[in-house]
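Engineer: here are the coordinates; sequence isn't available:
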């Protein structure tokens with residue numbers, strides 16, 4: 001399957017077919033998820049501020065998932081030499097940065113009433129902030145290096161170096177004494193969160209996931225088209241220069 005999608009034209013055809021459906025599913029999931037989020041019960045301790053969770057937690061999950069997708073794409077660039085691997089991790093980086101920024105922002109808004117501070121250098125918060133800086137560094141690297149192939153290799157190396165931060169984010173609340181609460185959904189012994197809150201959270205997480213893949217496919221399509229336009233411009237420029245060289 002993946003080898004078949006190595007052809008950019010075939011990949012663009014797939015995106016053209018599936019993107020409208022993915023957009024529709026994403027919109028429907030967000031509509032249901034937001035409705036559940038705003039109509040669910042308030043927490044007996046946190047009150048209505050618990051609703052920030054439905055935005056914050058899926059954004060935090062997707063910030064890590066996006067980086068894992070980039071890590072596999074980076075392997076595709078360095079190991080398997082897949083033609084679209086560098087397109088995949090370049091297109092995913094801005095999306096991952098946006099999810100991470102949203103997680104940091106909503107976490108700050110949630111932390112003020114719960115902890116009495118907008119920000120603390122907590123192990124979880126600090127490692128997520130480092131993830132945000134990693135995303136910005138990858139984006140800057142792609143823009144700083146003019147040669148796409150070289151930029152892709154350097155970015156892939158940086159991505160694989162930074163992937164060590166993902167388990168640190170995940171297990172930071174278990175390894176260190178932090179203000180951030182431990183995992184209450186993805187646990188070996190099952191979720192400890194009440195179903196009243198779990199269902200809206202699950203639907204919103206699914207909506208975020210579909211939103212990511214929808215935006216990622218669209219961004220990959222745009223990157224492929226951008227590269228084709230750049231290649232056509234280079235060919236046109238070289239043809240325009242050829243007559244001058246003969247005189």
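Structural biologist: Good, I have the coordinates. Since the model is a prediction, treat every value here as computed from it, not as a measurement.
Engineer: can you list the weak-confidence ranges in this structure?
Structural biologist: 1-5, 177, 179-192, 242-247 (pLDDT under 70).
Engineer: center of it - which residue?
Structural biologist: For the chain, residue 96 is the residue whose C-alpha lies nearest the centre (C-alpha atoms, centre = their mean; 2.8 Å).
Engineer: what's the longest helix belonging to the chain packed up against?
Structural biologist: Counting by DSSP state H, the longest helix found in the chain is helix 195-246. For helix 195-246, the contact count by 3 or more C-beta pairs under 8 Å, 6 or more residues apart in numbering; DSSP states H and E identifies helix 8-39, helix 53-75, helix 85-115 as packing neighbours. Bear in mind the C-beta positions are built from the backbone N, C-alpha and C, glycine included.
Engineer: Now do the last one and helix 195-246, the angle between them.
Structural biologist: Helix 85-115 and helix 195-246 are oriented at 140 degrees to each other (axes from the mean of the first three to the mean of the last three C-alpha atoms, to 10 degrees).
Engineer: can you tell me which residues contact residue 144?
Structural biologist: Counting by C-beta atoms under 8 Å, 6 or more residues apart in numbering, residue 144 touches residue 151.
Engineer: ok, now how distant is it from residue 155?
Structural biologist: 10 Å (C-beta to C-beta, to the nearest Å).
Engineer: And the residue nearest to the centre of the chain, how close does it get to residue 108?
Structural biologist: In terms of C-beta to C-beta, residue 96 sits 19 Å off from residue 108.
Engineer: now do residue 198
Structural biologist: 24 Å.
Engineer: Format the helices and strands packed on helix 195-246 as CSV; extra columns: distance to residue 123.
Structural biologist: Compiled in CSV, the helices and strands packed on helix 195-246 are given as follows (distance: least, C-beta to C-beta, whole Å):
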stretch, distance to residue 123
helix 8-39, 28
helix 53-75, 14
helix 85-115, 13
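Engineer: Nearest to residue 45, out of those?
Structural biologist: Closest of these to residue 45 is helix 85-115, at 9.1 Å (criterion: C-beta to C-beta).
Engineer: Now the helix or strand following the closest one: buried residues?
Structural biologist: Once the chain leaves helix 85-115, the next helix or strand it forms, by DSSP states H and E, is helix 123-144. For helix 123-144, burial by neighbour count (16 or more other C-beta atoms under 10 Å) applies to 123-129, 131-132, 134-135, 138-139, 141-142.
Engineer: The helix or strand that comes right after helix 123-144 packs against which elements?
Structural biologist: Proceeding N to C from helix 123-144, the next assigned helix or strand is helix 148-162, under DSSP H and E. If contacts are counted by 3+ C-beta pairs under 8 Å, 6+ apart, helix 148-162 sits against helix 53-75, helix 85-115, helix 123-144.
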